[in-house]
Structure formats: structure tokens, C-alpha cells
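In: Structure of the sequence below:
(2 chains)
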Amino acid sequence: MSVIKVILIIILTPLAGGLLVGFDRVISARMQGRQGPPILQPFYDVLKLISKETIEVNRFHRFYVYLSLMFIILTAVVMFSGGDILLAIFILSLGAMFFTLGGYASWSPYSVVGAERELLQMMAYEPMMFIVAAGLYYVSNSFFVSDIISQSKPAIVYLPVVFVGFIYILPFKLRKSPFDLSVSEEANQEVVQGISTEYSGRALAVIEVTHWYETMIALGFVFVFFAADNKISHLIAVLMCLVVYMFEIILDNSTVRVKWQKALSSAWIVSGILGIVNLTVLSFFNF
Amino acid sequence: MSINKKSPWVLHYDATSCNGCDIEVLASFSPVHDLERFGVVNTGDPRHADILLITGSVNRQSIPVVKQLYEQMPDPKVVVAVGICATSGGIFKDCYNVVGGVDKVLPVDVYVPGCAARPQAIIDGILKAASILEEKEKALKER
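Out: Here you go, the predicted model:
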């Protein structure tokens, strides 16, 4: 039973993630007054990349992205099977770490600059991830996702301010403007393609699929905030995931990329203030 | 229709063009013409690209650059010469500093003449290049 569940998570997560990315591309195009690609375009892209030649820059270059994909898949399995949210956050950052190492592996200046920016991004968003985990533990006395989403009231009731902080750092994870410094669909004006500059063919397809998993994991955190023990709240949580994703698309199309100094300092200030205020108020009322 | 034809990614390089054709290439990605509706993405990276769009008559200094860009692209790959300068050299054909046409340097698959080439013609050229891409992929598989 649990084996089937794990296999389903591994297969369905990227399918849903790819559809979301395709939806994002269509919506973005409509916002710019264009018709946009078909909604299945991300799948076409990945299938094409798999059939293309994969140029190997050096031996460890491709190894790191495959490793990164494996850890991200593990995160998705831990997260969506109701496992430990703290463990999920740790493996997620391990996956991001290997992706960064993949950027350093080829000595292209663009991918090295992308890797340095990715490290800065990790520094910027990690504190908020731990505040989210701490807040969720404070509300439900458990780090397990299955326990957090089976409380009588959803976590958002106690952690609205932490949730706002989480929305602030979400563009880092979704690789969207204003925080799409290292890799993005539109970064080619600045650092060519950042970390993925030297990747081609199958390795690039792996990077795309990793991104689909990451998108779903990021929305999984949104789900955890809104879900409670009744089924209606689960439906509302899924709807809220879509609303948040829509908000991110609008944000992506209406903002410009910020400099890394601003990205880092604002993320720390926002997560510090919002996180500490929310957790202090919670402990003051000591519900 | 194979998958390859549905997502041709384009790398655009300006080899001594007057910028007229470059503006038209970018115009074909604009809301009016919207090349992305065919799944075309304007990448800035030869490693990701399937189609190399070259504008301009290719002067001596840009020969190594053009060759390097072509070599960095993964197989299968297609070259499209955009504008009359890239096709044959145009009015600069007899200049001492240009080779006159991309096909003196690289194997060109699709020629899009015009001064400047119209966005409709460029879109047509890119889609033709996508079907050549499909043929090349079949040939690669058989080998």
C-alpha cells in the first residue's frame, strides 16, 4: 500500500507541476497580450530535451543535477506522505545545495555567478523556512505533516503573519521575479542561463523536472497552512494553493529583478520581524 | 508531428548586421506576432538552442564567434540565415571586410531573404527550420 502511495507521489507530482508551469506560461502570455504556448508546452520541451544530445563538460557536471533531483524527489515523498516537515526542509536544502555544486562544476563564468547567487538565495530564504517549521510545531506540537493537517483549526488561524512572510520568500523557491537571480526563464539578459548555462539535453530536462517538483513542494507548504481535520478545509487549501500561485504569476509579471543585496536584506528583515512578532504573540496568549 | 517540432528553441546572433533584421527578429517574439505560440523560446544560450538565427553579412572578426556558437550547440541543430545580408551579402557583398553570407562559414538550412526580413517571413523560416530539425533527428537516430 505504502509502496503504491510513494510511486503515485513520484509520478503525479511532476505531472501536476508541469501542468502548473504550462498554466503559468499561458497566463503570463495573456497578461502580456499574447496568445501563448499550448498548456502542455513544458512537457514538449522536456521530451525534446531528452531526445537531444547531452554535452558533457566534465565528469561530475551531470552527476550533481541527477543527485539534486533524487533529493528533491525524496523531499516530495516525505512531504506528501505526511512525514516530518523539518526533515523535508533539510533534504530540500540538500537538493538545492547539489544543484549549486552543479553550477560550480563547470567553469563557465555565467554558471559560477549563477551558483554564487543561488547560495545567496539559499541564505535569504532558509531562515523563514525554519520559522515556518517552528511555528507549525508550536501550533500542533508535532513536526509531522499528517499531525499538522489534522488539527481542529488550520495553522493559518494562529500563523497569519508567518504565512505572509512565507509568501514573501516563495518567489525564491519558484524562481520568479523579483527574486529570480540565479536561474529563470527570463534571466538570459543577465547571466545567460545562470546555473543551467552549460547543461544541455537530458541534464537540462532533469533540471526542468526538478523545478516542477520544487514548485509542488513550495505549494505543499501553502497547503499545510490551510488544511485542518475536515475535508472541506482540504479543498479550501488546494484552492488557496492556486490563488497563491496566481498571485506569484501576477507578481512575476509586474515586478523587476532586484539586486542581491536588496533580496538578501529584505528577506531577512521580513522573516525576522514577521516571524518573531507572530511567534511572540502566540507565546503571549499561550493558547 | 514529433516533439522536436513543437519546441524549437532559438539562439539569435548578430554577425555585423545593421540591426534592421535584429529588430524584426525581436518583433516576431512581440505580442503582435507571438512566436511563443509555437513553443519557440528565445534563449541566450547555445547549449539550450536548437536553431541558430544569424543576421548580417558576417565580417572577418565574427567568423570565429559564429563557428564557436555553432559548435557549442547540441545535435540536432539547424542554421537559419535571416535577411539578404546573411543570405548572400546583400549590398555589402563586395566589401573587403565581409565574407558575404553565412553559408561561406556554416552549413545553412533555411534562407529568409528581405531587407529587412519581415516578421512573417522570419516566423515561416523558423517553422521550416523546425521541420528540418525533425528530419535531422530522424537521420541521427538511424545512424
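In: didn't residue A:71 look like it was pressed against residue A:98?
Out: Yes - counting by C-beta atoms under 8 Å, residue A:71 does reach residue A:98; the two are 6.5 Å apart. Backbone N, C-alpha and C define where each C-beta goes, glycine included.
In: can you tell me the helix or strand for the spatially most central residue of chain B?
Out: For chain B, the residue nearest the mean C-alpha position is residue B:53 (1.8 Å; C-alpha atoms, centre = their mean). According to DSSP states H and E, residue B:53 maps onto strand B:51-55.
In: Direction included, what does that strand pair up with?
Out: If you go by DSSP bridges, strand B:51-55 pairs up with strand B:9-14 (parallel), strand B:78-82 (parallel).
In: returning to what we had before: need the nearest residue in space to the residue nearest to the centre of chain B, chain neighbours excluded.
Out: Spatially, and ignoring its direct neighbours in sequence, residue B:53 is nearest to residue B:12 (4.5 Å; C-beta to C-beta, 6 or more residues apart in numbering or on different chains).
In: Quick one: mean pLDDT over the strand or helix carrying residue A:264.
Out: Using DSSP H and E, the element containing residue A:264 is helix A:260-285. In this model, helix A:260-285 has a mean pLDDT of 88.
In: Flag every residue of chain B that's near chain A.
Out: B:3-4, B:6-7, B:31, B:34, B:36-39, B:41-45, B:47-48, B:50, B:72, B:74-76, B:137 (C-beta under 8 Å from any C-beta of the partner chain).
In: Kindly write the ChimeraX command that selects the buried subset of these.
Out: Paste this into ChimeraX to select the buried members of these, with burial taken from 16 or more other C-beta atoms under 10 Å in any protein chain shown:
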select /B:3,4,6,7,34,36,37,38,39,41,42,43,44,45,47,48,50,72,74,76,137
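In: Most proximal residue of chain B with respect to chain A?
Out: Of all residues in chain B, the one sitting closest to chain A is residue B:44 (3.3 Å; C-beta to the nearest C-beta).
In: Which pLDDT does the model give residue A:150?
Out: Predicted confidence (pLDDT) at residue A:150: the value is 84.
In: check contacts around the closest residue to it other than its chain neighbours.
Out: Nearest residue to residue A:150, sequence neighbours excluded (C-beta to C-beta, 6+ apart): residue A:229, at 4.5 Å. Neighbouring residues of residue A:229 by C-beta atoms under 8 Å, 6 or more residues apart in numbering or on different chains: A:149, A:150, A:151, A:152.
In: 10 Å instead?
Out: Counting by C-beta atoms under 10 Å, 6 or more residues apart in numbering or on different chains, residue A:229 touches A:149, A:150, A:151, A:152, A:153, A:154.
In: Ok, residue B:97 next?
Out: By C-beta under 10 Å, 6+ apart, residue B:97 lies in contact with B:16, B:57, B:59, B:60, B:61.
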